[in-house]
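*Asks:* Have a look; sequence and predicted model below, questions after that.
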Amino acid sequence: MSKTVVVALGGNAILQSKQEGTYENQLYNVKTSSKFLAKLIKEGYKLVITHGNGPQVGNILRQNEEAQDVVPPMPMDVLNGESQGFIGYMMVQSLLNELKQLGHKAPVVNLLTRVEVSKDDEDFKDPSKPIGPFYSEEEAKKLAEERNWNMKEDSNRGWRRVVPSPKPIKILEAQAIKDLAEAGNVVVACGGGGIPVVSKEDGTYEGIEAVIDKDRSGCKLAEEVNADVFMILTDVDNVFINFGKPDQKSLEKLTITELEAYVNAGHFAKGSMGPKVESALNFAKQAKATSIICSLEKVDQALLGKSGTIISDQHVEDKNGGSPGLSA
């Protein structure tokens, strides 16, 4: 049986922080990502791909607000669905084109995905999810006053608008995603953390305005589809402790207990690596399986245990060479 790998791509893998949000820029980045992911598909891994949408949904939200006197604006849950659609389209087409170049055939589908959250989540009181472009402190203060936006500094990179980011409770389309993957489909799902919905007293669902963190949703998705590996792709090869200090240290192969100790010591900032580490740790604990945080460019090496930060009590003893449980 081939391994099922849930891969979480950041929204910035689709649009870099300094890039203009044009279709051409985003498509170029998606094509680049697809080159690395297509190789994994050819090697025999079953991929379920999820992605962030922070830059994209922020831009869509701004479009809605700027044009509200001409076109009626839509709520944020609808905008999440919109971003799932256009990013999913780019990913499906780019992956299929890349697989064709590799001489490999595999169906690729994008599934619109809802994620249940709680309307009582604390993040609705103190929003934490950065979306949209970066601003200077002066610009941020002006926008907060003029548009009633919540603005916060984002990891010393500038100021951004923040919106509620409730924790995911359940992936409502998880069974369909699992069935599609087991049938041999590459599935793009749960994009942007999923469309946030809440359960009503009569058992039906309705949307709620928020943007769910894609790493947390990716963790929940990996659990619910019984993935063998949960991979979070970022712009660094490894997770670091004491990052940016003279005694910084890269983390490679870790037990759950070792990583928990670093988390409890406060090594990972809430606005940057914190949610990634939290999600990777939770999956390794809950699923008793392997989590990896690594760079996109070394995704194949990470699955062989030769790059990235690997969290698993099952493979940590193999310090030289590959991790036996990660091959396709």
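*Replies:* Thanks, I have the structure now. Predicted model only: the values in this text are computed from it and were never measured. Numbers count the residues shown, from 1 in each chain.
*Asks:* For the residue most central in space within the chain, list the residues it contacts.
*Replies:* The residue lying closest to the centre of the chain (C-alpha atoms, centre = their mean) is residue 214, at 3.6 Å. Residue 214 makes contacts with 8, 10, 11, 50, 51, 52, 53, 190, 191, 192, 193, as judged by C-beta atoms under 8 Å, 6 or more residues apart in numbering. Where C-beta positions appear, they are placed from N, C-alpha and C, glycine not excepted.
*Asks:* again, only this time at 10 Å
*Replies:* Counting by C-beta atoms under 10 Å, 6 or more residues apart in numbering, residue 214 touches 8-11, 50-54, 129, 165, 168, 190-194, 221, 232, 275-276, 279.
*Asks:* Where does the prediction get shaky in this protein?
*Replies:* Applying pLDDT under 70 to the chain picks out residues 1, 11-12, 17, 271-272, 314-326.
*Asks:* Against which helices or strands is the longest helix along it packed?
*Replies:* Using DSSP state H to define each element, the chain has its longest helix at helix 76-101. Packing partners of helix 76-101 (3 or more C-beta pairs under 10 Å, 6 or more residues apart in numbering; DSSP states H and E): helix 23-42, strand 46-51, helix 54-66, strand 108-111, strand 114-116, strand 186-189, strand 195-199, strand 205-207.
*Asks:* How far off centre is it?
*Replies:* Chain-centre distance of helix 76-101: 14 Å, with C-alpha atoms, centre = their mean, to the nearest Å.
*Asks:* Check which residues of it are buried.
*Replies:* 76-77, 79-84, 86-88, 90-96, 98-99 (16 or more other C-beta atoms under 10 Å).
*Asks:* Look at residue 68 and say how many residues are nearby.
*Replies:* Counted with other C-beta atoms under 10 Å, residues neighbouring residue 68 total 10.
*Asks:* show me the contacts for it.
*Replies:* Contacts of residue 68 by C-beta under 10 Å, 6+ apart: none found.
*Asks:* Let me see the backbone angles for it.
*Replies:* phi -60, psi -20 (degrees, to the nearest 10).
*Asks:* where's it relative to residue 32, distance?
*Replies:* Between residue 68 and residue 32 the computed distance is 35 Å (C-beta to C-beta, to the nearest Å).
*Asks:* Residue 194 now?
*Replies:* From residue 194 to residue 32 the distance is 24 Å (C-beta to C-beta).
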